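1. Here is my input; please provide its structure:
(2 chains)
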There are 2 protein chains.
Amino acid sequence: MKLNKNYENLVENYLFAEIGTRVEKFISENPDKNVIKMGIGDVTRPIVQPVVDAMKDACDELAQGKSFRGYGPYRGYDFIINAIVNYYTKFGVKLLSTEVFVSEGAKSDVSNITDIFSDDNTICIADPVYPVYLDSNIMLGRKIIYVKGDSSFKALPASLLEKADIIYLCSPNNPTGAVYTYAELAEWVEYAVANDCVIIYDAAYEAFIKEEGYPHSIYEIAGAEKCAIEICSFSKTAGFTGVRCSYTIIPEDLVDSNGKSLNKMWLRRQTTKFNGVSYVIQRGACAVFSDEGMKAIMADINYYMNNAKELAEFFDRKGIYYTGGKNSPYIWLKCPDNMGSWEFFDKLLIEANVVGTPGVGFGSCGEGYLRLTAFNTLENTYEAIARMDKIL
Amino acid sequence: MKLNKNYENLVENYLFAEIGTRVEKFISENPDKNVIKMGIGDVTRPIVQPVVDAMKDACDELAQGKSFRGYGPYRGYDFIINAIVNYYTKFGVKLLSTEVFVSEGAKSDVSNITDIFSDDNTICIADPVYPVYLDSNIMLGRKIIYVKGDSSFKALPASLLEKADIIYLCSPNNPTGAVYTYAELAEWVEYAVANDCVIIYDAAYEAFIKEEGYPHSIYEIAGAEKCAIEICSFSKTAGFTGVRCSYTIIPEDLVDSNGKSLNKMWLRRQTTKFNGVSYVIQRGACAVFSDEGMKAIMADINYYMNNAKELAEFFDRKGIYYTGGKNSPYIWLKCPDNMGSWEFFDKLLIEANVVGTPGVGFGSCGEGYLRLTAFNTLENTYEAIARMDKIL
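-> Numbering: from 1, shown residues only, chains lettered A, B, ... in the order given. Model (predicted):
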């Protein structure tokens, strides 16, 4: 057999593996130190009770012959699709139920969506970026171009050096915490419509937007229904990193120049290569949208965002430049004294016993930056700030 | 953007969609008829209590800060991987824990595994066949060759008309219920090793093997660890069609002619494009392997297999040729009076109000055959037999 040679072009050491190695080494050499992990973007607060109750009820349903459910609908159960459609009306976005596909993870969808496109597309990725956009396209040997952000780490089409076909955008951004305004996102939609592009819009952090003036969904921008696929996740919204549920929206109006429907192609892809999300998990995810569920998850998001605020105020006091922290759980900060990302990572780990994520791990434009996350306890956040205060 | 043109080569009407359309039409025109569905291979018995209890306990764990779990290990949690490794010792197969990958569905794995291979492989698929093997390769534009089975619908390498690189095997077979003996499977392993092939071995129905003399795992055959990937599912074993869990085994010894490890490539694929199975579901799947869980799921399998036995004995009495039914929940029968698959499907639906699956839907060699499943109640099975008795 012949293996996929494109895998040879992947960078061997995965960012978080290298972080893990360095942290483990430090801990084994310094077992008395209490290391505070603000690196990987994993949530820390437990699943809210309305979601847990819904999942347990679903388990009981499956235990009874009368309420047992086998294979579910390919797009997801009506109950959750209707809840998602209803959620989007909050943003003034009208979705059809056939436009929503429930899946087990945004990471899967954002990488599997490559399946419906030809290999001769030019892929546009912002630098720095969530590595999955890049790696899933390297695996296919596709041509990749990068677009740099401005000083606030927002990439705009004016910075594109050549024509793109497929554009990955993430707002609020992972890793930089930058959030597009309506006007900025409209620039991308205008570019995509004019140039027959599709935008893969990663909205995994939309629930963290607290201020007015920032779109939660790309479909708040006129014309986006003709050029954009939106992927959203319960991972950060409701702490589902270990529970696994997400959804992808492909508008019926999104067609190629021959009028071919991307929605129908994705449906064909999913019916062939996927068998739906666990009934138990769909019930849990649906409970996120209940009044009680929404109230509970918003309390958790506010808890994290308070951590972000504390971090942001600390770096303000120190005069250290950063993006994010306001409508995002990430703080993307400039390493002091022109240190490199890994140099500052090591300094923080060794001198403050705080773990961040080196910005260079997200792309060459991330060199000299470091990402901290708000996914922690308030106590740990205070402690991390106190320790960093001593060394910065 | 440019879409994947290979999708145009897919057959538009999906088999089960066409069945659904015909059945819905019949029911709407005959609302008084009690239609018995023995078509789609979905389980009917509820999830066993040990599994339900384990899932509910896991939900409670996620509700507490101390026992909360976020992202899990990429290959799956140790508790379930160890249980799978231990399960395989029953077949005399020794696996390493690094050889097991837990996933949310065999359908996903059997189609996503294409990712790690180059497009210039020749794909060998048996006819008739589970459509996913075929469609997932059509989507990639790969060269596909077919291998016909003998009269008992077992395809063997002697029937190969040209050299294959990647071979899909399924035993007990979906749709024909045929099961390879040790000697027959050894022919495939020998062929694969001699010709630098990889076998994708779908063992989703292994738990239905009741008789001695048939391998449950391809790794019971010497040399298979050098040429085979095995994919197994909890869907039929434990009624998980709506719960979603499966596992894939890639031996460390499975390398290409340059010594490149397929296990490492799949790990890279999964770490990039997948984020693991829900903790709740992994706990449930693990409980299948407990003494109580195994006893309970075996009782369900025996229940289904008794249905299969009743169906088999009925066709024996009628002198109708079939395969399966003994070590498989499927009965694959020759349509009487040389009827075509859809003709006999319609006759069964209209005259006996029984729904089967037309064999031709699984490939041209399935023409003139029909698949019935044992996934039903004993009462419905008796009723279906009584109705078929009147018209056959």
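
2. the strands in chain A, which residues?
-> Under the criterion DSSP state E, chain A contains strands at A:36-37, A:100-103, A:122-127, A:143-148, A:166-170, A:198-202, A:228-233, A:246-249, A:322-324, A:330-334, A:354-355, A:357-358, A:369-373.

3. quick one, longest helix in chain A?
-> helix A:291-318 (DSSP state H).

4. That one vs chain B: in contact?
-> No. Using Cβ under 8 Å from any Cβ of the partner chain, no contact is recorded between helix A:291-318 and chain B, whose separation bottoms out at 10.9 Å. Every C-beta, even on glycine, is put in place using the N, C-alpha and C of the backbone.

5. Please work out the angle formed by the directions of that helix and strand A:330-334.
-> Between the axis of helix A:291-318 and that of strand A:330-334 there is an angle of 10 degrees, by axes from the mean of the first three to the mean of the last three Cα atoms, to 10 degrees.

6. OK, contacts around residue A:298?
-> Applying Cβ atoms under 8 Å, 6 or more residues apart in numbering or on different chains, one finds that residue A:298 lies in contact with residue A:207.

7. still on that earlier bit, do me a favour and average the pLDDT over the longest helix of chain A.
-> Within the predicted structure, the mean pLDDT of helix A:291-318 is 98.

8. One more: stretch A:77-95?
-> In this model, stretch A:77-95 has a mean pLDDT of 98.

9. now stretch A:249-269
-> The pLDDT scores in stretch A:249-269 average 97.

10. any residue of it up close to chain B?
-> Yes. Applying Cβ under 8 Å from any Cβ, one finds stretch A:249-269 touching chain B at A:256, A:260, A:262, A:265, A:268-269.

11. Show me how chain A divides into domains.
-> A:5-47+A:293-391, A:50-291 (automatic domain parsing).

12. most tightly surrounded among the strands of chain A?
-> Mean neighbour counts were compared across the strands of chain A using mean count of other Cβ atoms under 10 Å in any protein chain shown; the top stretch is strand A:369-373, at a mean of 29.

13. and that strand, C-alpha only, in CSV?
-> Coordinates of the C-alpha atoms in strand A:369-373 are reproduced here as CSV (Å, rounded to 0.1, in the frame of the first residue of the first chain):
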residue,chain,number,x,y,z
TYR,A,369,4.0,36.4,22.3
LEU,A,370,2.4,34.1,24.8
ARG,A,371,-1.2,33.0,25.4
LEU,A,372,-2.7,32.8,28.9
THR,A,373,-6.2,31.4,29.5
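
14. Tell me which other helices or strands that strand touches.
-> Packed against strand A:369-373 by the contact rule (3 or more Cβ pairs under 8 Å, 6 or more residues apart in numbering or on different chains; DSSP states H and E) you find strand A:330-334, helix A:341-347, strand A:357-358.

15. could you list every residue that touches the residue lying closest to residue A:216 once chain neighbours are set aside?
-> Excluding its sequence neighbours, the residue lying closest to residue A:216 (Cβ to Cβ, 6 or more residues apart in numbering or on different chains) is residue A:206, at 4.3 Å. Taking Cβ under 8 Å, 6+ apart as the definition of contact, the neighbours of residue A:206 are A:172, A:216-217, A:232, A:237.

16. try 7 Å this time
-> A:216-217, A:232 (Cβ atoms under 7 Å, 6 or more residues apart in numbering or on different chains).

17. Need the residues that contact the lowest-mean-pLDDT helix or strand in chain A.
-> Across the helices and strands of chain A, mean pLDDT, DSSP states H and E gives its lowest value to helix A:15-29, namely a mean of 91. Residues external to helix A:15-29 that are found in contact with it (Cβ under 7 Å, 6+ apart): A:35, A:39-40, A:131, A:349-350, A:355, A:357, A:361.

18. What's the local residue count around the closest residue to residue A:338 other than its chain neighbours?
-> Ranked by Cβ to Cβ, 6+ apart and with sequence neighbours excluded, the top spatial neighbour of residue A:338 is residue A:368, at 6.9 Å. The local packing of residue A:368 (other Cβ atoms under 10 Å in any protein chain shown) involves 17 other residues.

19. For residue A:33, grab phi and psi.
-> Comment: the main-chain dihedrals of residue A:33 come out as phi -80, psi 140, following degrees, to the nearest 10.

20. I am finished for the moment; much appreciated.
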